[in-house]
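> from the sequence below, what's the structure:
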Amino acid sequence: MDNNQKDNTTKNSSNLPFIFRQSFLGSTLGAIIFLPLLVGYIYVKFFNHLDLSDLKTQFNVMIFIGIYAVIAAIYSFVISQLQLMERVISLYTSKDNVDSSPVIAKKILWDSIKFKLKIFLKYYSLAIIISLAVFGYGFSVVYNFAFADGDQNMTTAALKLIIVPVVFLFDWVYYHYFISAKLRYLWFSYINNYGEIDSIQKTFEEMNDLNTVSKGEMFKKALLTQIKNDSSVDVIRLGIGNSSNSIKTSNPLGEVTKDIAGGYSIGVTSDVAANNTLGTYFDLYKKAYGEFYKKDFIVNSKIYNI
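The predicted structure follows:
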């Protein structure tokens, strides 16, 4: 193991208490917010059977689920962004004491959300549009086969539909891995230029400059890091799921407790893996920074004066 790998391992290990605390707090807030939904789930699953053939019941259930879907989307987006900024700042400032990271992250949260929307429009919107277009194409094929007049047989329809999963898979790999590796420096560049005039423009310019001097091997390392950490999370998630299913409980409370414990475990595992990925990205950022600017990396002191 080389010195960079040792430093990264040490840094990630020192951040573990912070990550565990952050993950536990995020999951707990989620559990509190969704407590009414959890109570409703327990009641329906173990004590009552809804008559979904009743139109009024169907309407009430749809309204209930719709409200919580909106709450879930907003909560997940805001909390995940806040936690991302806390991790980015704790790595960027390279402080063993990360207590200041949540404070800074909250101060710049809404600015970072606006910046994230710019990132979405710039890099992800095309993949989403393509996915929606392919979904519409697939729906039209199925509709024409099932309802429209014509001589289209099942084999022809199946051949036409092959393109749908292929494009969805390509889209997922593209934005989950390729774009993630391409944007590996972006959030550190964002913090590095925060508080400057035209900071957003400077952020994208710095990212592109650092990508130019670090393409090839560094891009490959970022890509492999993302794949490795995602794969480890999937394996652990599968193991937790299998272990959870093997535990037999005799009452509804035990079933719910088992599900909650599994959710916490998966959440912590995902958060640790995400932090490890960010740690690798930051090491690559500092290396590319030194190569491009021909000087050692210096922390942007303006983030302490927000």
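> what distance do you get for the residue lying closest to Ile130 once chain neighbours are set aside to Ala157?
Nearest non-adjacent residue to Ile130, counting by C-beta to C-beta, 6 or more residues apart in numbering: Asp171, 6.0 Å away. Yep, even glycine has a C-beta here, placed from its N, CA and C like the rest. Going from Asp171 to Ala157 by C-beta to C-beta, to the nearest Å gives 22 Å.
> neighbour count winner among those two?
Taking other C-beta atoms under 10 Å, Asp171 and Ala157 do not tie; Asp171 has more neighbours (17 against 14).
> got a list of what the more buried one touches?
127, 130-131 (C-beta atoms under 8 Å, 6 or more residues apart in numbering).
> how about the residues you listed in TSV, adding neighbour count?
Formatted as TSV, these follow (neighbours: other C-beta atoms under 10 Å):
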residue	neighbour count
Ala127	18
Ile130	15
Ser131	17
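> using pLDDT, spot the least trustworthy of those residues.
The lowest pLDDT within those belongs to Ala127, with 81.
> what helix or strand is that one located in?
helix 125-146 (DSSP states H and E).
> right, and the helix or strand after that helix?
As assigned by DSSP H and E, the chain's next helix or strand after helix 125-146 is helix 154-161.
> buried ones in that next one?
Using 16 or more other C-beta atoms under 10 Å as the burial criterion, the residues of helix 154-161 that qualify are Lys160.
> which neighbouring elements make contact with that helix?
Secondary-structure packing of helix 154-161 (3 or more C-beta pairs under 8 Å, 6 or more residues apart in numbering; DSSP states H and E): helix 125-146.
> wait, Val141 sits on Ile163?
No - under the criterion of C-beta atoms under 8 Å, Val141 makes no contact with Ile163, lying 9.3 Å away.
> enumerate the positions of stretch 165-181 that are buried.
In stretch 165-181, counting by 16+ other C-beta under 10 Å, buried: 167, 171, 175, 177, 180-181.
> sitting in helices, which of those residues do you find?
167, 171, 180-181 (DSSP state H).
> of the residues you listed, which is the nearest to Val268?
Relative to Val268, the closest of these is Ser180; by C-beta to C-beta it sits at 21.1 Å.
> how near is that closest one to Tyr124?
11 Å.
> over to Tyr92?
23 Å.
> reformat the buried residues of stretch 165-181 as CSV; add pLDDT and distance to Pro102.
Listed next are those as CSV, based on pLDDT from 0 to 100; distance: C-beta to C-beta, whole Å:
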residue, pLDDT, distance to Pro102
Val167, 84, 40
Asp171, 81, 34
Tyr175, 76, 28
Tyr177, 77, 29
Ser180, 81, 24
Ala181, 80, 28
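> from the residues you listed, which two are the most distant?
Val167 and Ala181, at 20.6 Å, using C-beta to C-beta across those.
> I'd say Val78 and Ile113 touch.
Yes - under the criterion of C-beta under 8 Å, Val78 makes contact with Ile113 at 7.4 Å.
> helices and strands around the helix or strand containing Asn60, which ones?
Asn60 is part of helix 55-93 when elements are defined by DSSP H and E. Applying 3+ C-beta pairs under 8 Å, 6+ apart, one finds that helix 55-93 contacts helix 16-33, helix 100-107, helix 109-119, helix 186-192, helix 252-293.
> what angle separates the second one from helix 109-119?
Yep, that's helix 100-107 we're talking about. Helix 100-107 and helix 109-119 meet at an angle of 70 degrees, taking axes from the mean of the first three to the mean of the last three C-alpha atoms, to 10 degrees as the criterion.
> contacts for helix 100-107, please.
18, 82, 85-87, 89-90, 93, 95, 112, 303-304, 306.
> now those residues as JSON lines including distance to Trp187, pLDDT and neighbour count?
Rendered in JSON lines, the data for the contacts of helix 100-107 read as follows (distance: C-beta to C-beta, whole Å; pLDDT from 0 to 100; neighbours: other C-beta atoms under 10 Å):
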{"residue": "Phe18", "distance to Trp187": "17", "pLDDT": "68", "neighbour count": "19"}
{"residue": "Leu82", "distance to Trp187": "13", "pLDDT": "88", "neighbour count": "19"}
{"residue": "Met85", "distance to Trp187": "8", "pLDDT": "91", "neighbour count": "26"}
{"residue": "Glu86", "distance to Trp187": "11", "pLDDT": "88", "neighbour count": "23"}
{"residue": "Arg87", "distance to Trp187": "9", "pLDDT": "87", "neighbour count": "25"}
{"residue": "Ile89", "distance to Trp187": "9", "pLDDT": "90", "neighbour count": "23"}
{"residue": "Ser90", "distance to Trp187": "12", "pLDDT": "86", "neighbour count": "29"}
{"residue": "Thr93", "distance to Trp187": "13", "pLDDT": "84", "neighbour count": "17"}
{"residue": "Lys95", "distance to Trp187": "17", "pLDDT": "58", "neighbour count": "14"}
{"residue": "Ser112", "distance to Trp187": "8", "pLDDT": "93", "neighbour count": "20"}
{"residue": "Ile303", "distance to Trp187": "13", "pLDDT": "84", "neighbour count": "18"}
{"residue": "Tyr304", "distance to Trp187": "18", "pLDDT": "79", "neighbour count": "11"}
{"residue": "Ile306", "distance to Trp187": "16", "pLDDT": "71", "neighbour count": "12"}
